[in-house]
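>>> let's see this in three dimensions:
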Amino acid sequence: MEANSHNSGNEIQVELAEEIAQGTYANLAIIAHSSSEFIIDFIRMVPGVPKAKVKSRIILTPDNAKRLLYALEDNIRKFEEQKGSTESYENIIPPINGIKGEA
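Numbering: from 1, shown residues only. This is a model prediction of the structure:
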């Protein structure tokens, strides 16, 4: 599967392999950072199992982490406009285990 994407007016070809296209389910993300990179671990927690497994780790530069943030905000806004929801996330998504800003 291939998709075209536009980046600053330049077209790029993006190839999506079949095994990657299936996706990986995660229900928790833990974010850490250093002075030069952001690390996002996508984790699958299973009820009744004390150990959660990291299913994928993404390492981004600070600039690309900001691009991801803006892209997520834009997509969530569009999703909510279609759904007709305008609730604040702080009121509808509780932190896991009282940890704020990591999930």
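>>> go through the longest helix belonging to the chain and flag the buried ones.
Longest helix in the chain by number of residues (criterion: DSSP state H): helix 62-83. With burial defined by 16 or more other CB atoms under 10 Å, the residues of helix 62-83 counted as buried are Ala65. (Glycine included, C-beta is placed from N, CA and C.)
>>> so for it, mean pLDDT?
Mean pLDDT, helix 62-83: 94.
>>> ok, stretch 19-31 next?
pLDDT averaged over stretch 19-31 gives 94.
>>> run a quick neighbour tally on Phe38.
The number of residues packed near Phe38 is 19, by other CB atoms under 10 Å.
>>> nearest spatial neighbour of it, chain-adjacent residues omitted?
Spatial nearest neighbour of Phe38, chain neighbours left out: Ala65 (4.0 Å); criterion: CB to CB, 6 or more residues apart in numbering.
>>> show me how far stretch 61-72 is from its chain's centre.
Put simply, stretch 61-72 sits 10 Å off its chain's centre (CA atoms, centre = their mean, to the nearest Å).
>>> ok, and what's touching it?
Contacting residues not belonging to stretch 61-72 are listed as 33, 36-38, 60 [CB atoms under 8 Å, 6 or more residues apart in numbering].
>>> at 10 Å instead, please
Contacting residues not belonging to stretch 61-72 are listed as 31, 33-40, 58-60 [CB atoms under 10 Å, 6 or more residues apart in numbering].
>>> swap in stretch 44-54?
With CB under 10 Å, 6+ apart as the criterion, stretch 44-54 contacts 24-28, 30, 41-43, 55-56, 96.
>>> residues touching Arg57, list them.
Contact partners of Arg57, counting by CB under 10 Å, 6+ apart, are 30, 39-43.
>>> Thr61: neighbour count?
Look at Thr61: counted by other CB under 10 Å, it has 11 neighbours.
>>> and it, what are its phi and psi?
Here is the backbone geometry of Thr61 (degrees, to the nearest 10): phi -70, psi 160.
>>> so how far is Phe38 from it?
8 Å (CB to CB, to the nearest Å).
>>> can you pull out the helices in this structure?
18-21, 62-83, 89-92.
>>> distance to Gly48 added to those helices, as a markdown table?
Shown next, in a markdown table, are the helices of the chain (distance: least, CB to CB, whole Å):
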| stretch | distance to Gly48 |
| --- | --- |
| helix 18-21 | 29 |
| helix 62-83 | 30 |
| helix 89-92 | 25 |
